Structures are given as structure tokens and as C-alpha cells.
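>>> need a structure here:
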Amino acid sequence: MVSGPIRVVASADLGGLGNKDGVPANFNWTPPSIIPVLLPWAAVLLLLVLPVNRCALAWWVLVPLGAVAGLDLLVRPVLSSVPSEALEFFSQAFTSLAFGVAAMWLAAPYLSRLPRVGVFFLALVVLGLASVFAYACRSDWESNGRETFAFLAFLACGALIATLAMSLAALLCRKRYSPFRLSLWMAVFLAAGWVLIASPFVVFASVAGGGEQVWVALPFVLLLALLTFVVVMPFFLLAFVESHYRQRLLALWHLPGAAESPPPEPTAPSAP
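Numbers count the residues shown, from 1 in each chain. This next block holds a predicted model:
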């Protein structure tokens, strides 16, 4: 990537009223490092080194993760009319969430040993910490503290809603499980979660500025639910079609069809 001194000159035709060119501004251009972008991927590779992931089938998790990253790159040019700061905010948030879901999938064999409530809380911790790490690696730390706090709060809400939606959807499918039924309930709980989180802010805005804010905010809140679903769903599609991750899905959320853990081997009686 090219780097070095750059001169920028503002130019405008003033119709003979003054100089056409303004005062030149000189600065040195240094391209951003690619290392922060690669760090979340490196963390996923480290998780693949865990004993439970030392098989070729575990690497399939890179497919949905790559799909989310590729979709992010494809959608950016289409949304060129959206302000760049807002576009970057949501891109960082939802791609960070994808790394969190990937980490949860890779840690699933350890989490599935816990009861259902324990799975929820530990899955939330894994998903949340991995998402924050992915954000921290790629964030611009020169931004002010208020922006950083707002982003982390938004990311925490996304992690909580995603984990809660998975857990509740699995709970309702504990007796009758099918991929469609699980996906449908997950979409319902994602929408309900974002509506619940946004409700206090929408009510406050409605009281302050009139009732129209409710109908203005509702499509935006449902869009957040849709984006969360788009991030989470590729990992579930992987589990629906690939046997290795299907067993992880069933065992993690205690769904029907999960393979039973093998009983411990009997130990030989000690000699008297």
C-alpha cells in the first residue's frame, strides 16, 4: 500500500474574484496496519487448537464466520448513502458479535457439561468477551470515552439478546425439536429482546417529543433484530447441515437427539 507525503489543495472557480486554489495542506500518509483486523481471526485459530477442536470438522466454523464478514464487505457499497460513522458503528458491532458466536460454538463441548441455566450464563460470558475482544482489536481508541461506552453497551445488549434468544428458543424446543421451529422461535425472541431493550428509550423520546417517535423507532428496532438474526443464523445453518456441529448444537442447548456422554469406564478393584 502506498505511503508518503500528500498535498491536498481545495480548488473552486470564483469567477475572477480571487485565487482559484486555496492554501495547500501537506501531511504524511501512513496506511493503517492490517494486524488489528487479523487478531480476531487469530483468536479463532487459537480456539481451534483446543483438544475438543482438534479435528478437521471443527474448521467448518470458519464458513459462517467468513460468510458474515463477506456479507459485510458486499453490503457496504450498497449502503453508500448511509453516514459513514453509523455504517462503521453497526459493521463493527455485528461482525464482532459474529466472532462471539464462533467462540461460543468452539467452546460448546465444555459448556454443554453444565445444566441449562449454567450453559446460558457461561455462553453469555464467552460470547460477550469474544465480541468485546474482536471490537477492542479493531476499534479506534482515539475516539472519546462516550462513544466507546455507547458501543460497548450496544454490543453487550446484542450479546445478551442473542444468547437469551438461543436459550429460550431451545427451551421451547426441548420436547419437539426441528430446525425450522428453533429458527422461528429464535427470530421471535430476538425481535422481542430488542423491543424490550429499546422500550425505555422510545417511551422517553415519546414523552419528550410526541407519540410519533414510537412508529419511527419500531422499524429501526426490528432492523436490529433482523441484523442479529442474519449474524447468528449462518452458525445455526452450519449445525443444521453438518453432523459435527449438529451434535454440538443439540448437546449445548439440551435438545432431543443429543448424543449421550459415554459412561465412565469401571476401574479394576484394588488388590487386597
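
>>> need the helix or strand of the protein with the lowest average pLDDT.
strand 25-29 (a mean of 63; mean pLDDT, DSSP states H and E).

>>> so where does the spatially most central residue of the chain fall, helix or strand?
Residue closest to the average C-alpha location in the chain (CA atoms, centre = their mean): L97, at 1.3 Å. Assessed by DSSP states H and E, L97 sits inside helix 84-106.

>>> quick one, strands of the stretch 1-150 of the chain?
4-8, 25-29 (DSSP state E, counting those that start in this stretch).

>>> quickly find the element holding M186.
Counting by DSSP H and E, M186 is part of helix 179-209.

>>> if you average pLDDT over stretch 118-127, what comes out?
Stretch 118-127 shows a mean pLDDT of 96.

>>> if I look at F90, how far off is A102?
19 Å (CB to CB, to the nearest Å). C-beta: built from backbone N, CA, C; applies to glycine.

>>> which residue packs closest to V37, ignoring adjacent ones?
The spatial neighbour of V37 that comes closest, neighbours along the chain excluded (CB to CB, 6 or more residues apart in numbering), is R138 at 6.1 Å.

>>> and the pLDDT at the one you found?
According to the prediction, R138 has pLDDT 73.

>>> residues near it, how many?
Residues lying near R138 (other CB atoms under 10 Å) number 17.

>>> just confirm it contacts P36, I think it does.
Yes - the pair R138 and P36 qualifies as a contact (CB atoms under 8 Å) at a distance of 5.0 Å.

>>> the helix holding L97 packs against which elements?
Other elements packing on helix 84-106 under the criterion 3 or more CB pairs under 8 Å, 6 or more residues apart in numbering; DSSP states H and E are helix 35-47, helix 62-78, helix 116-138, helix 145-172, helix 212-241.

>>> need those in TSV (columns: distance to A192).
Formatted as TSV, those follow (distance: least, CB to CB, whole Å):
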stretch	distance to A192
helix 35-47	29
helix 62-78	23
helix 116-138	16
helix 145-172	8
helix 212-241	8
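
>>> quick check: which of these is nearest to A191?
In terms of CB to CB, the element of the helices and strands packed on helix 84-106 nearest to A191 is helix 212-241, at 4.1 Å.

>>> who does the closest one touch, helix- and strand-wise?
When contacts are defined as 3+ CB pairs under 8 Å, 6+ apart, helix 212-241 sits against helix 62-78, helix 84-106, helix 145-172, helix 179-209, helix 243-252.

>>> how about low-confidence regions in the protein?
1-5, 7, 9-33, 140-145, 205-215, 258-272 (pLDDT under 70).
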